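> A predicted structure for the sequence below; I have some questions about it.
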Amino acid sequence: MEKVWRYIESLQQQHPFAKIIQVYGWEEQFETELISSVIPYLFEPLDIQEHLAPITNQNRDGCIKPKYYIVIHDTGDTAAHRNAQFWNQVVWTEQNEGKPYGASFQYVVGNDGIYHNIPDDEIAYHAGDSTQYDYTLYDTGVVGEALPHITIQDGTYAINGIATTIQAPLGGTTENINDLGILCQSIQGKYYIGETYYNETYHRVANRGGNNNGIGIEMCVCQQTDIYYTFQLAAKLVAYLMDHYHLTLENIKQHHYFSGKDCPETLRRNHLWNHFLNLVAVESHMLGFTQEGYAITCIPLSSHILPNGRITQKEQVAYQICIQKGTKRECRTFYTTVISQ
Ligand SMILES: [Zn+2]
């Protein structure tokens, strides 16, 4: 039990924060104050509503592919009624308020829960990188183990300044490589580069394998919802999928990585991507404790905390965390202040 306490106490150093953010959507954008939770962990079980699209749908072709990525999106849709259940219905019916809808994604997450639309191991149509190319690694002919820095020189990729044998896509330059770079791994001292392409819509060099080899998760950014709660639910889902498919934080990618699109826009433009990955890392760590039989709960001692750890007002907060394993139960009290950023 002491190791769990040590970890939870280490999380106390990450003070809860409040921050004004801009939420982006095609109807309109709005400003909201994001308040984080008592610790970067959501004290509630993962609950998934299974409502898979019919196999006869055009947006569910049933093709099974190995999964190497979890692809994070937001809906870019701020209308209050377009929540997770709404989007699950859109994928299910292939109709978006009367218009035909061809896209699909494995999960959609909102304040109203997590909906499962397409089986994890099937192709879904969310990443904008087509389904013609699978996750592939090509031997670059360059050796080394240092962190690779990729550039494009005379139409060819270079790693840390050394030319490879891999052609860059036509139109690709060092400057228009997407913000997250291209897939490059050093395996037994040799660098390999993934399948890439030039995205004509966003004019960026991007990676393949999003639709085929990714599990797509949409996050709703609706008005009048607790957007931080949606981020935490999504992080809990990602941690579960990482564990289930033996993936690491390296495998968690933005939609941007596969197309150059500014998605998930609200996380990206408010510089919250690394914070989101931290939520995933904490959820993942806590999932490990849960699998060892520890039950970890939060008991609010202030009126502005919910039992799931959400803080609803920027005040001093007091809460207890209890850990139980078998018949052994221990609770500790914590006090903290929400810091405005
Ligand atoms: Zn997206």
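Nice, I can see it.

> Now do the closest residue to the ion within the stretch 51-200 of the chain: how many residues are near it, please.
When scored by C-beta to the ion, the stretch 51-200 of the chain has H73 as its residue closest to the ion, at 3.2 Å. For glycine as for every other residue, the C-beta is placed from the backbone atoms N, C-alpha and C. Residue crowding around H73 was assessed by other C-beta atoms under 10 Å; the count is 23.

> One more: D154?
Taking other C-beta under 10 Å as the criterion, the count of residues near D154 is 7.

> How far does stretch 298-316 stretch from one end to the other?
In stretch 298-316, first residue to last residue: 16 Å (C-alpha to C-alpha, to the nearest Å).

> what's it in contact with?
With C-beta atoms under 8 Å, 6 or more residues apart in numbering as the contact definition, stretch 298-316 has outside contacts at 16, 18, 33, 35-39, 41-44, 226, 228-229, 297, 317-322, 331, 333, 335-338, 340.

> Any buried residues in that stretch, and which?
In terms of neighbour count (16 or more other C-beta atoms under 10 Å), stretch 298-316 has its buried residues at C298, P300, I305, L306, N308, G309, R310, I311, K314.

> And stretch 127-147, by the same measure?
The neighbour-count criterion (16+ other C-beta under 10 Å) identifies A127, G128, D129, T131, Y133, Y135, Y138, T140, V142 as the buried residues of stretch 127-147.

> Would you mind trimming those to those in range of the ion?
Contacts with the ion within these, counted by C-beta under 5 Å from the ion: none were found.

> okay, the residues you listed in a markdown table with secondary structure and distance to T201 next?
Output for the buried residues of stretch 127-147, formatted as a markdown table (DSSP: H, G, I helix; E, B strand; the rest coil; distance: C-beta to C-beta, whole Å):
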| residue | secondary structure | distance to T201 |
| --- | --- | --- |
| A127 | coil | 13 |
| G128 | coil | 7 |
| D129 | coil | 11 |
| T131 | coil | 17 |
| Y133 | coil | 17 |
| Y135 | coil | 22 |
| Y138 | strand | 25 |
| T140 | strand | 28 |
| V142 | strand | 31 |
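
> Tell me the one of these nearest W273?
Nearest to W273 out of these is A127 (C-beta to C-beta; 16.7 Å).

> from memory the closest one sits against S259, does it?
Yes - here A127 reaches S259: they are 6.4 Å apart, a contact under C-beta atoms under 8 Å.

> Find the residues that touch each one of these two.
Overlap between the neighbourhoods of A127 and S259 consists of G210, taking contacts as C-beta under 8 Å, 6+ apart.

> CA atoms only for stretch 253-263 - export them in PDB, please.
Taking only C-alpha atoms (Å, rounded to 0.1, in the frame of the first residue of the first chain), the coordinates of stretch 253-263 have been written out as PDB:
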ATOM      1  CA  LYS A 253      -1.000  10.600 -31.800                       C
ATOM      2  CA  GLN A 254      -3.000  13.600 -32.800                       C
ATOM      3  CA  HIS A 255      -5.100  13.500 -35.900                       C
ATOM      4  CA  HIS A 256      -2.700  16.200 -37.100                       C
ATOM      5  CA  TYR A 257       0.100  13.600 -37.400                       C
ATOM      6  CA  PHE A 258      -1.800  11.800 -40.100                       C
ATOM      7  CA  SER A 259      -3.000  14.700 -42.200                       C
ATOM      8  CA  GLY A 260      -1.700  18.100 -41.000                       C
ATOM      9  CA  LYS A 261      -5.200  19.100 -39.900                       C
ATOM     10  CA  ASP A 262      -5.500  21.300 -36.800                       C
ATOM     11  CA  CYS A 263      -7.100  18.500 -34.800                       C
END
